[in-house]
Every structure is written in structure tokens, then in C-alpha cells.
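Student: Next come a sequence and a model predicted from it.
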Amino acid sequence: MFVLYLCKSMTRMEDGVEVTTIYHDEAPDDHKWSVVTYWNVPRYGAFRIDNFETLSGAISYLEGVEPTTPRISFGGQPSPVPISLNEHLKWKREHNLKDYDVDVVQPGGSPEAKRQENFYSQR
């Protein structure tokens with residue numbers, strides 16, 4: 001039901017609105033990190049974004065959350081029995097499930113590309 005995506009990002013405030021820009025290609029040197037949760041549907045609409053100061057913080061979050069994401073096979077609920085990240089990754093491989101792929105959603109990436117998305121949230 002969801003696909004998680006680890007990416008470089010920058011966050012700023014504009015008139016009381018938090019704006020997070022995620023970078024699919026090049027990012028500024030002082031970037032931070034985000035994990036974007038997309039709906040697993042065509043065009044991957046964003047569900048939420050979580051921002052982190054460090055790559056290790058983002059990875060730790062991703063590794064803790066991904067095994068608990070809801071599955072269609074469980075009626076839209078997480079696994080009824082907690083599973084490890086390794087068990088979850090094995091399950092994904094066995095079912096030929098793919099991770100978020102920006103080249104499917106925004107084709108045309110190249111070394112010169114600067115694909116990015118903005119997310120807005122009221123704070």
C-alpha cells in the first residue's frame with residue numbers, strides 16, 4: 001500500500017508553511033535527508049514526509065518503519081506478527097515488489113537533470 005523513498009532534501013519556512021524540497025539528482029552541499037512515504041499507486045502520490053538531520057537517522061527510521069507498513073495481503077494492516085527488516089526484504093524479493101523509482105515517475109534523468117519535488121505542510 002505504501003512505498004518508502006530515502007532522498008536528499010532541504011527544508012525552509014515560508015509564511016508559516018514548511019516547504020521541503022527533495023532532490024532526485026543533484027542536491028545542495030548542505031542538504032539534509034528525508035523519507036517520503038508514497039501511495040503504491042500509479043504516479044505515487046505522496047502520503048507523508050519525514051525529515052532528518054543525518055543519513056543515519058533517516059536510515060534508522062526507514063529500517064524501523066518499512067517492515068510495519070500495511071499490506072494488501074493483510075487487509076490493509078501491517079503483518080500480524082512483527083517481522084525483522086531482513087524478513088521484510090526477503091518477502092519483497094519473493095513477491096517481486098519494487099521500490100520507488102524516480103525514473104518511472106519522472107523519466108528523463110541525466111547527469112544534468114535537476115529533478116526535485118516540493119512538499120508543503122502547515123506548522
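Tutor: Yep, that arrived. Since the structure is predicted, the reported quantities are computational estimates derived from the model, not experimental observations. Numbers count the residues shown, from 1 in each chain.
Student: Contacts made by the helix or strand of the chain with the lowest mean pLDDT with the rest, please.
Tutor: Of all regular secondary-structure elements in the chain, judged by mean pLDDT, DSSP states H and E, the least confident is helix 102-105 with a mean of 81. Helix 102-105 is contacted from outside by Tyr5, His24, Arg43, Tyr44, Gly109, Arg115, using Cβ atoms under 8 Å, 6 or more residues apart in numbering. Any C-beta I mention is one placed from the backbone N, CA and C, and that applies to glycine too.
Student: try 10 Å
Tutor: By Cβ atoms under 10 Å, 6 or more residues apart in numbering, the residues outside helix 102-105 that reach it are 5, 7, 22, 24-25, 38, 42-44, 98, 109, 113, 115, 117.
Student: Next: stretch 12-20.
Tutor: Applying Cβ under 10 Å, 6+ apart, the contact partners of stretch 12-20 are 9-11, 21, 32, 34, 36, 49-51, 117-123.
Student: Please tell me how far the residue in the chain sticking out farthest from the centre sits from Pro107.
Tutor: With distances taken as Cα atoms, centre = their mean, the residue sitting farthest from the centre of the chain turns out to be Asp15, at 25.7 Å. For Asp15, the distance to Pro107 (Cβ to Cβ, to the nearest Å) stands at 33 Å.
Student: Any quick ChimeraX command for the buried ones out of the contacts of helix 102-105?
Tutor: To isolate in ChimeraX the members of the contacts of helix 102-105 that are buried, counting by 16 or more other Cβ atoms under 10 Å, one can use:
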select :5,7,22,24,38,44,115,117
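Student: in the chain, which spans are helices?
Tutor: Read by DSSP state H, the chain holds these helices, from start to end of the chain: 55-65, 85-94, 102-105.
Student: how far out from the middle of the chain is the lengthiest strand in the chain?
Tutor: Scanning the chain for the strand with the most residues, using DSSP state E, yields strand 2-14. Using Cα atoms, centre = their mean, to the nearest Å, the distance from the centre of strand 2-14 to the centre of the chain it belongs to is 7 Å.
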